[in-house]
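Q: What shape does this take:
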Amino acid sequence: MSEILQIESILNKDYESVDLVSFQEWFENVNKLSKLSVGIIVGPSDDVSLIKDQLDCIELIVLDFNNFDDGRGYSQAYLLSKRWKFPGEIIGINAHLDQLQFMIRSGVTSYVLLDSYLGLDEKDYANGFSICYQEAANNSGLQKKY
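A: Model prediction:
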């Protein structure tokens, strides 16, 4: 897909710009970068367990959902937010509308849609389901059906 978002910084929830580094760059310069309040871009194949012990030094984490049928971003979000209690923001980028509810349920705190969705009302997609068929970190308001 040609519209994949490539970013070097992102706005946090307070509308402040946060510089981003790649997962690899973080490891190559962890001593320097851990003191600079930067965010990390995590790709689907990056092993988030490698940053588990450094989460208090990371301003925010950006998960790349560029491949619609790749579910690893949901697992990464769950591990970071629910299991390891990452206190910062987890932002999903290159998001498709159909992914929003799943991203939010797995621990993503905000998202950036692909440009092709700009101007569309994403509320129905972020809150569009009233039932769920499996347990998740955020089942609030959802009726369980088995």
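Q: hey, where'd the helices end up in the chain?
A: 23-28, 30-33, 72-78, 100-106, 123-126 (DSSP state H).
Q: rank the ones you listed by pLDDT, which is bottom?
A: Mean pLDDT is lowest for helix 123-126 among those, at a mean of 60.
Q: Out of the helices of the chain, which is closest to I90?
A: I90 lies closest to helix 72-78 among those, at 5.5 Å (Cβ to Cβ). Backbone N, C-alpha and C define where each C-beta goes, glycine included.
Q: Surely V62 is in contact with V38?
A: No: with contact defined as Cβ atoms under 8 Å, V62 does not count as touching V38 (10.8 Å).
Q: Pull up the overlap in contacts between those two.
A: L20 (Cβ atoms under 8 Å, 6 or more residues apart in numbering).
Q: quick revisit: to N94, which of the helices of the chain lies closest?
A: helix 72-78 (9.6 Å).
Q: Could you list every helix and strand in contact with the closest one?
A: Judged by 3 or more Cβ pairs under 8 Å, 6 or more residues apart in numbering; DSSP states H and E, the packing partners of helix 72-78 are strand 60-64, strand 89-95, helix 100-106.
Q: Return the list of helices and strands in contact with the first one.
A: Spelled out, that is strand 60-64. strand 39-42, helix 72-78, strand 89-95.
Q: what's in contact with the first one?
A: By Cβ under 8 Å, 6+ apart, the surrounding residues in contact with strand 39-42 are 7, 10, 18-23, 26, 48, 51, 58-64, 76, 91, 93.
Q: Ok, the second one next?
A: Residues outside helix 72-78 that contact it (Cβ under 8 Å, 6+ apart): 42, 44-46, 48, 63-65, 90, 92, 102-103, 106-108, 137.
Q: same question, the last one
A: Outside of strand 89-95, the residues that reach it under the criterion Cβ under 8 Å, 6+ apart are 4-5, 7, 10, 12-13, 39, 41, 60-66, 73, 77, 80-81, 99, 103, 107-114, 117.
Q: Now list the buried members of those.
A: 10, 12, 39, 41, 60-66, 73, 77, 80-81, 99, 103, 107-114, 117 (16 or more other Cβ atoms under 10 Å).
Q: count of neighbours near E28?
A: 10 (other Cβ atoms under 10 Å).
Q: what's near enough to touch it?
A: Per Cβ under 8 Å, 6+ apart, neighbours of E28: none.
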